[in-house]
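Enquirer: Just the structure for this:
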Amino acid sequence: QVQLVESGGGLVQAGGSLRLSCAASGRPITTFGMGWFRQAPGKEREFVAAISWIDRIYYADSVKGRFTISRDNSKKTLDLQMNTLKPEDTAVYYCAAENSGDFDPLTRDYEYWGQGTQVTVSS
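Expert: Residues are numbered from 1 along each chain as shown. Take a look at the predicted model:
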């Protein structure tokens, strides 16, 4: 089992930055694929970024060039640096982990999820 806890969300003005962190506990995450997803009110949960166990990275087009995903297996953490934030980035952001180790954009493939952290970007 893996437990995931997100932190770092908050309120920021458009153009600003936030850094989200996800702390994992339980099993080591070394061989897990990890991802960030988000869900805005009234919308389905959507893919943001993913990183494989060998650090291959995949971003949604909507965040490419603005967000950076990274992991530290020794600390069991997953981060998401978000720059040039836009009001449409407002959502609850979730950290997720999957056993396959892949960099996967599909929510159904992730076995473990955090509770989420709110990000609000004001215009």
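
Enquirer: can you tell me which residues contact the most centrally placed residue in the chain?
Expert: Centroid-nearest residue in the chain: W36, 2.1 Å away (criterion: Cα atoms, centre = their mean). Applying Cβ atoms under 8 Å, 6 or more residues apart in numbering, one finds that W36 lies in contact with L20, C22, V48, A49, A50, I69, L78, L80, Y93, Y94, C95, A96. Heads up, the C-betas are built off the backbone N, CA and C, glycines and all.

Enquirer: Over to R45?
Expert: The contact partners of R45, taken as Cβ under 8 Å, 6+ apart, are F37, R38, Q39, Y94, T107.

Enquirer: Let's see which of these end up in strands.
Expert: Per DSSP state E, strands hold the following members of these: F37, R38, Q39, Y94.

Enquirer: Could I have the ChimeraX command that selects the buried members from the residues you listed?
Expert: To isolate the buried members of the ones in strands among the contacts of R45 in ChimeraX, using 16 or more other Cβ atoms under 10 Å:
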select :37,38,94
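
Enquirer: Format the ones in strands among the contacts of R45 as TSV; extra columns: pLDDT.
Expert: Below are the ones in strands among the contacts of R45 laid out as TSV (pLDDT from 0 to 100):
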residue	pLDDT
F37	98
R38	98
Q39	98
Y94	98
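
Enquirer: Tabulate the ones in strands among the contacts of R45 (a markdown table), appending distance to E111.
Expert: Below are the ones in strands among the contacts of R45 laid out as a markdown table (distance: Cβ to Cβ, whole Å):
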| residue | distance to E111 |
| --- | --- |
| F37 | 13 |
| R38 | 19 |
| Q39 | 18 |
| Y94 | 13 |
